[in-house]
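Asks: Quick one, fold the following:
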Amino acid sequence: AEIRFLLRTSGTTGRRRIVALSDANVAAVLASHRGLLPYDDGEVLSVLPWFHAFGLVMELLPCLLSRATVFRDPAGGRDPERLAELLAAPGDGSVLNMVPFTAEQIAQRDPGLLRGVTGLVGGAPVFADLAEALRGSRLRAGYGQTEAAPGIAAGEPGEWEAGYLGRALGCEVRIASDGELAFAGENAFPGYWEGGVLEPRREMFVPTGDLVKERSGRLFFRGRKNFSFKLSNGRWIFPEQLEAELRVLLGDEFIVRVSASPEGGLRLEADHTPVAEKLRALAREGELPFTDSMLEIRTLPPGTLRRDPKGMVVREKRDSARV
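Replies: Here you go, the predicted model:
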């Protein structure tokens, strides 16, 4: 009787599961986060799916509880040209909540459009290139998970750095000795829905699977716990963070995937030959944070490496085609 919503996770945190949320969970996040954005009498350009926790709790419900006018993008933000037209239309879209991939697409066409809206950018970490475009805007970092209904942290408008997640909001957070973030509070879900039965949550502090570092109460993303690995020389590698750093060094939009090589070194897979050649040159010149002897570089056919709708590199299935 306490369960209000059953929401399937997107799979970012591991295997897809159905999360049970109560009225108390959602009400707690609405109370802590609703005031972040000017929904009352405002106009919202909506691109988020409303069947995920981010779009449901951070956008749809606050709009229903206020006097907001919602302009729904039929393409859900997947058509950058159309989205730019909607943003440029006078009066429309004073609030725009989005994942970083959507913000990247807007920034590539006209960075000024990001300064004309307010909203939350969440669902995945933001790294250096996009953080620079967002700095000084009215957009905030938003961080959470479905299990948190989904509010855990938020930043101030225009406060952006690489990997910045914000400050804890509406809950208590702890960082374990291995760097994994956990949260507790009224936002913490009752349990998972498995085979028609509620499997209750047993721990007070819910582990997120995200590795973070803290500076003066500000949380910064380092990587997913289940994606991180140690090289044979003992050094820990955080693939998402390193991929973002490589994108800045390479100066283009091609994707590089970081993983461990069978020999205990580092494997970089690039989906374009010039990118692989540039990686080799950077390694020889000592511009990469590891030695050339630890490095294996592979070139994959263009389009082999994929990003999910949030812009994160897809890792769950290995690509078999290699050149």
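Asks: Across the sheet, point out what pairs with Gly223.
Replies: Gly223 has the following beta-bridge partners by DSSP bridges: Leu211.
Asks: Correct me if wrong: it contacts Ala244.
Replies: No. The criterion here is Cβ atoms under 8 Å, and Gly223 misses it with Ala244 at 10.2 Å. C-beta: built from backbone N, CA, C; applies to glycine.
Asks: can you list residues touching both of the two?
Replies: Listed contacts common to Gly223 and Ala244 are nil; contacts here mean Cβ atoms under 8 Å, 6 or more residues apart in numbering.
Asks: Show me the strands in the stretch 101-250 of the chain, by range?
Replies: For the stretch 101-250 of the chain, the strands defined by DSSP state E, counting those that start in this stretch cover 118-121, 138-143, 153-154, 164-168, 172-175, 180-184, 191-194, 197-200, 206-215, 218-224, 229-230, 236-237.
Asks: of all these, which lies closest to Leu130?
Replies: Closest of these to Leu130 is strand 118-121, at 8.3 Å (criterion: Cβ to Cβ).
Asks: how about that closest one: buried residues?
Replies: By neighbour count on 16 or more other Cβ atoms under 10 Å, the buried set for strand 118-121 is 118-121.
Asks: Likewise for stretch 255-263?
Replies: 255-260.
Asks: per-residue confidence averaged over that stretch?
Replies: Mean per-residue pLDDT for stretch 255-263: 83.
Asks: where are the low-confidence patches of the protein?
Replies: Applying pLDDT under 70 to the chain flags the ranges 10-15, 90-93, 251-253, 289-292, 316-323.
Asks: if you set the cut-off to 50 instead, what comes out?
Replies: 13, 318-323 (pLDDT under 50).
Asks: Dead centre of it: give me the residue that sits there.
Replies: Ala124 (0.2 Å; Cα atoms, centre = their mean).
Asks: Now that residue. Its backbone dihedrals?
Replies: The phi/psi pair for Ala124 (degrees, to the nearest 10) reads phi -160, psi 160.
Asks: With respect to Ala153, which of the buried residues of stretch 255-263 is nearest?
Replies: Of all the buried residues of stretch 255-263, Val258 has the smallest distance to Ala153: 25.3 Å, by Cβ to Cβ.
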